[in-house]
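Chemist: This is the structure alone, sequence omitted:
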């Protein structure tokens, strides 16, 4: 989802223009041209454009799991280390997901170099299984080899090359007669390898695909891999398999890593070959990357719990020896016994605490070393400083007492309890952070584990069914979906009728009827009948996978407000260490100079120890982690909650901007209206028969692909045949064309006139269909009675279509597009939220004002061409206002890109809209309010998080430094300071988790409407 494409509109789709300077109904004309102008792109086909496309093709993306990060300073260190490598384009590191996403140039950098850079920075790194070495792109070019038989001379070679170069999607072709090989560069999205083979065979030669430059990496789990002979069998099977580049078997984990050519061999073929080649002895299964990620998180929590238990087991005895045992006579006597120069109690404490300090606390020393080695500091540095100071002092005091007889106080329990409390806090933090990604886990769980594949014989008849792993489904597979089961992948129904619950994807609660040729979405639930579906999109191409990818990308992005936390984190530790040294110095020198009485510390202590305990408390109580977690935890929860409500956020920056929106601009057609145009009136102002008039208009509009053209065509067909034209989605396009060809007139020189309408020749006479401008430019006068009728239409929120034949005005048609039922309520709700609504349309002023009045919008911008919509957005931004644009994500792309917050609405089955910041999956305007409200609630929570994190440190550090001691006698022991520090991070994460209780605002509450 990080590489999304703007959709081009079909070139022939001019449309019948709206009367009166129209355009909203013609907005798809020259969309890409206007967008290119906005972005400063050269014309299509220009050299610069080709270079940019080639440069984009060279981009690859890798996702790496990074372990060892503890705070935002660590993420900054990883980003800096990777960014320093040549060839890296973009880097995003997520502390909560323990993941780095790197976009790089494969010509300058390898995946292994990225791993090496992260490891050099002191962290552990591994490539994630779902991170393919090469990410597929729409315009990516592959190089493939084909074996070509039947060539006998140079003419054959030239013939094959000539045929190949003429095929669409072929970039180049070279054929060698001596080796009977051909190398072809092609765009797989435009032409497949099978089509290339077919083209060569149609020319009279034999052809077979050999291999391509594409490669994917996959991890397969294996059952039955127990002995060396099993490993040998597996090696033999994989070595003989065509299309495999390399493989590596890990017997300890019972898995195999395979790099293969997906153009030459499918993943299902690999799994089947392993099973058949071993006679069922070995079973291979695809490891779901999300399941593996959840497993890694569980392992991390389990590891932390193990350390915590071990630390508690050792620390509790230390605490009891210090605090409880002296009050028990028998045990006290035992502890005061001498073992050489040492007391038994001190010796036991030393042994137990040493294990806690250097075995349990090893992870803190390693993390602190990594940070310091690269010139950064983090919480681990503070923990190591505080515990080491306490431990070293206690050891020195123990040795001093053993050899001098004067025994100063020993604080072994301090370092042990600090480490224990920090581990406890970290364990709770890991558990709480896991809750922030619940939304992705729920989305992943929507995908069924298995699918029922229908098997065909050579004649194409279904002969049986087979249960396969859902991850092995391939495009073109026909799958059986039983009642109550989940749809395995995106596809088209080829047989059966049923109702499907799509609420988990679109948020629509009502079941959706499905029949032959209906589109289904993977992860939805079949409710009643049995369906046979043909898979069209699998793996990362499905709607559900794109939603998951979009949410993941958003959770990895940083909101601008986080820059403040990152800056504070970078200077936090040095400041705390400075304060600690200052605390020690002030207390020590004041004590040395007699500025406070000796009664403030007990008789066995001294000024040095008294001051040291304050200094250690300052170091240990300070917590930079709470600041670092304040924003990402809230953003992660909010993006997940948004996805559950059908609001997909593309990043923390978009989430932050949406809270301050001042203007919301609505496109009219398809956004405020239903986008289902209907002809309501057809009036003749000449002697032409109504039937002939409708046939004339329908014949001209049949060449257009615009929704208004379809409305005209449907109206004319119904008038003549009292029936309904079949729609293309019903899968009977051929029948539709046959019906149209029976009664429509022959059209020549059809042309769409941007912003005005369409024109063509019928019976060698010019036909004009469009607005007033088109008529006046062609010298056609509109009669006063027609103008009066047209004004009445426009005053009633209808669009008028003027028709002229042979330079004579013939008549007009009235078309209306009903408003969405929630439009007026949503507009009123936005006003209550302090947001100013604006309507933007290419339609004429009268129609625009009539529609705006109906929904309650006062600010109207009409007769705006597609390229001018971005200018309207910029005009509102001039005074510093934050502008949101709500459109359909296709013809509004320039405006969506220009707006501070772009919201593409109704993109449930096409969410890959690059220009938008938000994708509102449901075609419902209420989600605009949800998006803004969620943003405001999220950033209110983030501000509270920052307040608590800052207030904690501002209050806790002075208390730990002893600021209250002279007045209250309150002294915070270091172990208690450690407990406070541990729970400060947990409290921030738990605060963010409160966002999970978010509920969409009820419009009745927002508008303060009382429902009887």
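Modeler: That came in fine, so what should we check first? Note that the structure is a prediction, hence the values are computed from the model and not measured.
Chemist: Contacts only, for the closest residue to residue 816 other than its chain neighbours.
Modeler: With sequence-adjacent residues excluded and distances taken as CB to CB, 6 or more residues apart in numbering, residue 816 is closest to residue 798, at 4.6 Å. For glycine as for every other residue, the C-beta is placed from the backbone atoms N, C-alpha and C. Residues in contact with residue 798, defined by CB atoms under 8 Å, 6 or more residues apart in numbering, are 680-681, 814-816, 847.
Chemist: Please name whichever of those residues scores lowest on pLDDT.
Modeler: The weakest per-residue confidence within these falls on residue 847 (83).
Chemist: hang on, isn't that one packed against residue 794?
Modeler: Yes: counting by CB atoms under 8 Å, residue 794 is a contact partner of residue 847 at 4.7 Å.
Chemist: Those two: who's more crowded?
Modeler: The residue with more neighbours, out of residue 847 and residue 794, is residue 847; 28 against 23, by other CB atoms under 10 Å.
Chemist: follow-up on the earlier one: can you tell me which of the contacts of residue 798 end up in strands?
Modeler: Among the contacts of residue 798, the ones falling in strands (DSSP state E) are 680-681, 814-816.
Chemist: Can you select the buried ones from those residues in PyMOL?
Modeler: Provided next is the PyMOL selection string for whichever of these are buried by 16 or more other CB atoms under 10 Å:
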select buried, resi 681+814+815+816
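Chemist: pLDDT weak spots in the stretch 51-200 of the chain?
Modeler: 51-58, 129-140 (pLDDT under 70).
Chemist: hmm, back to that, closest one of the ones in strands among the contacts of residue 798 to residue 183?
Modeler: For these, the closest approach to residue 183 (CB to CB) belongs to residue 815, at 54.0 Å.
Chemist: Report the separation between that closest one and residue 444.
Modeler: Per CB to CB, to the nearest Å, residue 815 is found 45 Å from residue 444.
Chemist: what about residue 232, neighbour count?
Modeler: 10.
Chemist: show me what contacts it?
Modeler: Neighbour list for residue 232: empty [criterion: CB under 8 Å, 6+ apart].
Chemist: Can you name the element that comes right after the helix or strand containing it?
Modeler: Here residue 232, judged by DSSP states H and E, is contained in helix 228-240. For helix 228-240, the succeeding helix or strand toward the C-terminus, using DSSP H and E, is strand 244-250.
Chemist: which of the residues in that following strand are buried?
Modeler: 244, 247, 249.
Chemist: In the stretch 401-550 of the chain, what residue spans correspond to helices?
Modeler: 412-436, 438-445, 503-506, 543-556 (DSSP state H, counting those that start in this stretch).
Chemist: mean confidence score for the third one?
Modeler: If I follow you right, that is helix 503-506. Helix 503-506 shows a mean pLDDT of 72.
Chemist: Kindly report the same for stretch 221-229.
Modeler: Mean predicted lDDT for stretch 221-229 stands at 84.
Chemist: Please state the offset of it from the chain centre?
Modeler: Centroid separation between stretch 221-229 and its chain, computed with CA atoms, centre = their mean, to the nearest Å, is 37 Å.
Chemist: go on, stretch 535-545?
Modeler: Remark: stretch 535-545 is offset 15 Å from the chain centroid, using CA atoms, centre = their mean.
Chemist: Just the buried positions in it, please.
Modeler: 535-539, 542-545.
Chemist: how about the helix holding residue 232: buried residues?
Modeler: 230-231, 233-234, 237-238.
Chemist: Distance to residue 886 for those residues - can I get that in CSV?
Modeler: Output for the buried residues of helix 228-240, formatted as CSV (distance: CB to CB, whole Å):
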residue, distance to residue 886
230, 59
231, 58
233, 59
234, 55
237, 55
238, 53
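Chemist: re earlier: quick check: of the contacts of residue 798, which lies closest to residue 276?
Modeler: Nearest to residue 276 among the contacts of residue 798, counting by CB to CB, is residue 815 at 61.2 Å.
Chemist: Just the closest of the contacts of residue 798 to residue 589, please.
Modeler: residue 847 (83.0 Å).
Chemist: separation between that closest one and residue 816?
Modeler: Note on residue 847: its distance to residue 816, by CB to CB, is 9 Å.
Chemist: now residue 625
Modeler: Noted for residue 625: a distance of 59 Å to residue 816, by CB to CB.
Chemist: What of residue 475?
Modeler: Note on residue 475: its distance to residue 816, by CB to CB, is 40 Å.
Chemist: Residue 581 now?
Modeler: Look at residue 581 and residue 816: by CB to CB, they are 77 Å apart.
Chemist: so how many other residues sit close to the closest residue to residue 548 other than its chain neighbours?
Modeler: Excluding the flanking residues, the one nearest residue 548 by CB to CB, 6+ apart is residue 443, at 5.1 Å. Number of residues near residue 443 (other CB under 10 Å) recorded here: 22.
Chemist: and if you look at residue 89?
Modeler: Counted with other CB under 10 Å, residue 89 comes out at 15.
Chemist: So what touches the helix or strand hosting it?
Modeler: Element membership for residue 89, per DSSP H and E: strand 88-94. Applying CB under 8 Å, 6+ apart, the contact partners of strand 88-94 are 59, 66, 69, 75, 78-79, 82-83, 99-105, 109, 114, 555-558, 632.
Chemist: In strands only, show me those residues.
Modeler: Per DSSP E, the subset of the contacts of strand 88-94 in strands is 66, 99-104.
Chemist: Just put those residues in TSV and tack on distance to residue 381 and neighbour count.
Modeler: Converted to TSV, those look like this (distance: CB to CB, whole Å; neighbours: other CB atoms under 10 Å):
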residue	distance to residue 381	neighbour count
66	19	24
99	24	20
100	22	27
101	27	21
102	27	26
103	31	16
104	31	24
